[in-house]
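> The following comprises the amino acid sequence and a computationally predicted model.
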Amino acid sequence: MTEPLILCENLVKIYRLNTANGASVEVQALQGLDITVRDGEMLGIVGASGSGKSTLLNVLGGLDRLTGGRALVGNQDLSMLSESALDAYRRDKVGFVWQHGARNLIPYLTAVENIQLPLTIAGQAGRSARARALELLDLVGLRERRDHRLEELSGGEQQRVAVGIALANRPQLLLADEPTGELDTSTAQTIYDLLRDLNKRLGLTMVIVSHDPGIARHVDRVVAVRDGKLASETVRVQRSDGGEHHVELAVLDAAGRVQLPREYLEEFNIHRRVTIESTPEGILIRKPEGEAHSGEHGPSSKEQEAAEAEATALRNPSRLSQVWGGLKSMLQKRSRR
Ligand SMILES: Nc1ncnc2c1ncn2[C@@H]1O[C@H](COP(=O)(O)OP(=O)(O)O)[C@@H](O)[C@H]1O
Ligand SMILES: [Mg+2]
């Protein structure tokens, strides 16, 4: 097993927002997330919108700082870096691909010029910048299209140019945030194939956020983020017949906590507490004896009881006339005003 390139422990990121009335609210984007990525691994991240995926990428890419926890990338502790060291980390070690990759590109420049431009801005001299840009176009399989203006390229080809730019600094880590979000399925497939090819050829570690659950086919491993924490992990398992299939595993956090799938909690009518038993087959999690009624120990059981009592009372004619009497006098008072 290769060394981890990324080792994250108990990541916490809190955003403080000021509301219109001057109050401040906190958003916990990461709530104790643990994650490890091997050197050379191609990792997929899935999760509902707002679960913290982009925040995680921004932290790993040195675009955003943690509120708590520790993020090590290649032995550098990102929280300990000064502003200038973090800038250097981002510039030298990381490549980014965004969902709207082409938005950062210039429509009237050609493919090769678009790649050459940031190299020139970074201080590379004209001829060597052009040579490097052509080399990068080769890497992303776009050399024949080098002299086409960006606006003459398809969405998938434009995203290839964006990948080329992301590779310009020879990063050790490529971060992609929904890189296929605006592409149709078959074009998305070609981008994933390209990323896989680069991962293999360059040994480049990749973390790819996707809304597509089918991403498991394209990467080594998929982790699911839920509410700012790692919830599950899908791994590829080789079968004895040579084929392979995917298995979804629940993830323990550093303290040994595990999140149970919501469907199972509903199926077994489990609410707040469980019994945990050791059995020869493994650990058995069960609804406690005597907690048979649905909602009995649920968090809102008090409110539910009160609502049920009110509903029963309303079915009682004398309570109903009382309520009606109250309503009538209220309406009369209104009409007198
Ligand atoms: N710059 C920010 N300021 C305030 N809140 C933010 C900021 N970025 C993200 N958030 C909030 O943090 C949570 C996680 O966001 P994000 O990481 O973008 O999720 P995802 O990429 O999974 O959709 C969301 O509730 C989002 O509104
Ligand atoms: Mg996002």
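Now that the structure is in, tell me what you want to look at. Ligands and ions are numbered 1, 2, ... in the order given.

> From I215, how far off is L167?
21 Å (CB to CB, to the nearest Å). All C-beta atoms are positioned from the backbone trio N, CA, C, and that covers glycine.

> what do you get for A255?
Counting by CB to CB, the gap from A255 to I215 is 29 Å.

> now do T187
From T187 to I215 the distance is 15 Å (CB to CB).

> What parts of the stretch 51-200 of the chain come near ligand 1?
Proximity of the stretch 51-200 of the chain to ligand 1, by CB under 6 Å from any ligand atom, involves residues S51, G52, K53, S54, T55.

> Report the strands that pair with the host helix or strand of I283, each with its relative direction.
Per DSSP states H and E, I283 falls inside strand 282-286. If you go by DSSP bridges, strand 282-286 pairs up with strand 275-279 (antiparallel).

> pLDDT on the strand it pairs with, on average?
Taken as a whole, strand 275-279 has an average pLDDT of 93.

> before we move on, what about stretch 191-211?
On average, stretch 191-211 scores 96.

> Over to stretch 261-272?
Computed over stretch 261-272, the average pLDDT equals 88.

> how far away is P261 from ligand 1?
Computed as CB to the nearest ligand atom, to the nearest Å, the P261 to ligand 1 distance reads 19 Å.

> Identify the bridge partners of the residue nearest to that residue when sequence neighbours are not counted.
Ranked by CB to CB, 6 or more residues apart in numbering and with sequence neighbours excluded, the top spatial neighbour of P261 is A250, at 7.7 Å. According to DSSP bridges, the residues that bridge with A250 are S232.

> And the closest residue in space to E41 that isn't next to it in sequence, what's its pLDDT?
Nearest residue to E41, sequence neighbours excluded (CB to CB, 6+ apart): D220, at 5.3 Å. At D220, the model reports a pLDDT of 93.

> ok, now G242?
85.

> Could I get the contacting residues of the most centrally placed residue in the chain?
The residue lying closest to the centre of the chain (CA atoms, centre = their mean) is K53, at 2.4 Å. For K53, the contact set (CB atoms under 8 Å, 6 or more residues apart in numbering) comprises I45, V46, G47, D177, V209, V225.

> The closest residue to R239 other than its chain neighbours and ligand 1, how far apart?
Sequence neighbours aside, H245 is the residue nearest to R239 in space, at 6.4 Å (criterion: CB to CB, 6+ apart). According to CB to the nearest ligand atom, H245 and ligand 1 sit 27 Å apart.

> L134 falls within a helix, correct?
Yes. Under DSSP: H, G, I helix; E, B strand; the rest coil, L134 sits within a helix.

> Assign the closest residue to it other than its chain neighbours to helix, strand or coil.
Sequence neighbours aside, V112 is the residue nearest to L134 in space, at 6.2 Å (criterion: CB to CB, 6+ apart). Three-state assignment for V112 (three-state DSSP): helix.

> So V112 sits against D138, correct?
No. V112 is beyond contact range of D138, at 10.7 Å (criterion: CB atoms under 8 Å).

> more crowded one of those two?
Taking neighbours as other CB atoms under 10 Å, V112 and D138 compare with V112 leading, 22 against 12.
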